[in-house]
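S.K.: any chance you can model this:
(one chain, ligands or ions: 1)
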Amino acid sequence: MSLLRRLPALIAVVLLSLTGLSASPAQAAAGAVAAAPNFKAPYPCGQRWTYSHHSAEVRRALDFVRADGGATAGTPVLASAAGTATRYYQASGAGNYIVIDHGGGWRTYYFHLAAYSVPSGAYVGQGQQIGTTGSTGNSSGAHIHYEQLYNGTGQNIVINGVGLSYPGSYNQAYLTSDNGCGGSGGAAFTTWGSGVNVRADARLSAPVVATLGGPTAVWVVCQKQGDTVNAEGYTNNWWSKLRDQNGFVSNIYIDHPSAQLPGVPLC
Ligand SMILES: [Zn+2]
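M.R.: You can find the predicted model right below:
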């Protein structure tokens, strides 16, 4: 905890002593809510989703579905803040789900995943992919059921320091993600397709250095022209260099309509 964060508490103690009052330990404990992490949206940078809280919903959850024309099912689910991720499964309810422990009593829940993207117990960074959106468990369609809990109690959800509303149906409130945007190390994109090879260079004969099992949140550091690839009905000779996989993938598999990606420098 920084000195700045302690200052309000220090000032309170000084004021109490000046006025001759003292706070009992019980009062101090009741007022001591650890500062929440700066939570971000649980889906990739730039995507616009709508959310709602239905009448039978548990705690203070919000359900999210895409509202930007993209398919909800299979979209990467991202950690809204850094922490330790644990996998769970509940056939009658949450389905495949992940809980991230952020420390200080704060946890976030991500329900109904189609698949997990990290091992149980993994430390994940903010914006790291933890799973893909699905409809496992008690769910009528693909969505992300998302919660923020403090000491086991559901809290009203706050994203980027702003409390979200709780509409009773979709398409009344929207949230565009800035999770994984900008910063150093490239531009955020999402891949599509399954079994996509990442190669050491922008050539089909280059060795495979990684394979993306399904839609994956990636950081593109630069792009260049290489071998022409024909796949899935598309033809493209542009390739993206991926930061975390340290290799090249055909731009066909980057989920963007342009052959050459906007805002990405040449390698
Ligand atoms: Zn829900």
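
S.K.: can we go C-alpha only for contacts and neighbour counts from here?
M.R.: OK.

S.K.: and the pLDDT at the residue of the stretch 1-150 of the chain found nearest the ion?
M.R.: Nearest residue of the stretch 1-150 of the chain to the ion, counting by CA to the ion: His145, 4.3 Å away. pLDDT recorded at His145 is 98.

S.K.: what's it in contact with, if anything?
M.R.: Ala61, Leu62, Asp63, Phe64, Tyr109, Tyr110, Phe111, His112 (CA atoms under 8 Å, 6 or more residues apart in numbering).

S.K.: element containing it, please.
M.R.: Remark: His145 resides in strand 144-150, with elements defined by DSSP states H and E.

S.K.: the following helix or strand past that strand close to the ion?
M.R.: On the C-terminal side of strand 144-150, the nearest following helix or strand under DSSP H and E is strand 153-154. No. Strand 153-154 is not in contact with the ion by CA under 5 Å from the ion; minimum separation 12.6 Å.

S.K.: given strand 153-154, what are its sheet partners and their directions?
M.R.: Strand pairing for strand 153-154, determined by DSSP bridges: strand 144-150 (antiparallel).

S.K.: in CSV, list the C-alpha atoms belonging to the partner strand.
M.R.: The C-alpha trace of strand 144-150 is given here as CSV (Å, rounded to 0.1, in the frame of the first residue of the first chain):
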residue,chain,number,x,y,z
ILE,A,144,-20.1,-13.8,-19.9
HIS,A,145,-21.5,-13.8,-16.4
TYR,A,146,-19.2,-11.5,-14.5
GLU,A,147,-19.0,-10.6,-10.8
GLN,A,148,-16.8,-8.6,-8.4
LEU,A,149,-16.8,-9.7,-4.8
TYR,A,150,-15.2,-8.2,-1.7
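
S.K.: can you give the distance from it to the centre of its chain?
M.R.: Strand 144-150 sits 12 Å away from the centroid of its parent chain (CA atoms, centre = their mean, to the nearest Å).

S.K.: identify the residue nearest Pro76 in space, chain neighbours excluded?
M.R.: Thr132 (4.5 Å; CA to CA, 6 or more residues apart in numbering).

S.K.: helix or strand for the one you found, which one?
M.R.: Element membership of Thr132 [criterion: DSSP H and E] is strand 129-133.

S.K.: what distance separates that strand from the middle of the whole chain?
M.R.: On the basis of CA atoms, centre = their mean, strand 129-133 sits 8 Å off its chain's mean C-alpha point.

S.K.: mind giving me the packing neighbours of it?
M.R.: strand 76-78, strand 106-116 (3 or more CA pairs under 8 Å, 6 or more residues apart in numbering; DSSP states H and E).

S.K.: deepest-packed of these, please.
M.R.: Comparing the helices and strands packed on strand 129-133 by mean neighbour count (mean count of other CA atoms under 10 Å), strand 76-78 comes out on top with a mean of 28.

S.K.: which strands border that one, and is each parallel or antiparallel?
M.R.: Strand 76-78 has the following sheet partners, assigned by DSSP bridges: strand 129-133 (antiparallel).

S.K.: quick one: contacts of the partner strand?
M.R.: Strand 129-133 has contacts (CA under 8 Å, 6+ apart) with 72-79, 85, 98, 112-118, 124, 142-144, 215-217.

S.K.: ok, 6 Å please
M.R.: Residues from elsewhere that reach strand 129-133, judged by CA atoms under 6 Å, 6 or more residues apart in numbering: Ala73, Gly74, Thr75, Pro76, Val77, Leu78, Leu113, Ala114, Ala115, Tyr116, Ser117, Val118.

S.K.: also stretch 179-191?
M.R.: For stretch 179-191, contacts defined as CA under 6 Å, 6+ apart pick out 40-41, 44-45, 127, 215-221, 253-255.

S.K.: which two in these are spaced the farthest apart?
M.R.: Taking CA to CA, the two most distant members of the contacts of stretch 179-191 are Lys40 and Tyr253; they sit 25.7 Å apart.

S.K.: CA atoms of stretch 251-260 as CSV?
M.R.: What follows is stretch 251-260, C-alpha atoms only, in CSV (Å, rounded to 0.1, in the frame of the first residue of the first chain):
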residue,chain,number,x,y,z
ASN,A,251,-3.3,-11.7,-41.2
ILE,A,252,-6.1,-14.0,-42.5
TYR,A,253,-6.4,-15.2,-38.9
ILE,A,254,-6.5,-11.8,-37.3
ASP,A,255,-10.1,-10.8,-36.7
HIS,A,256,-10.1,-7.6,-38.7
PRO,A,257,-11.6,-6.8,-42.2
SER,A,258,-8.4,-5.2,-43.6
ALA,A,259,-5.6,-7.2,-45.2
GLN,A,260,-3.1,-4.8,-43.7
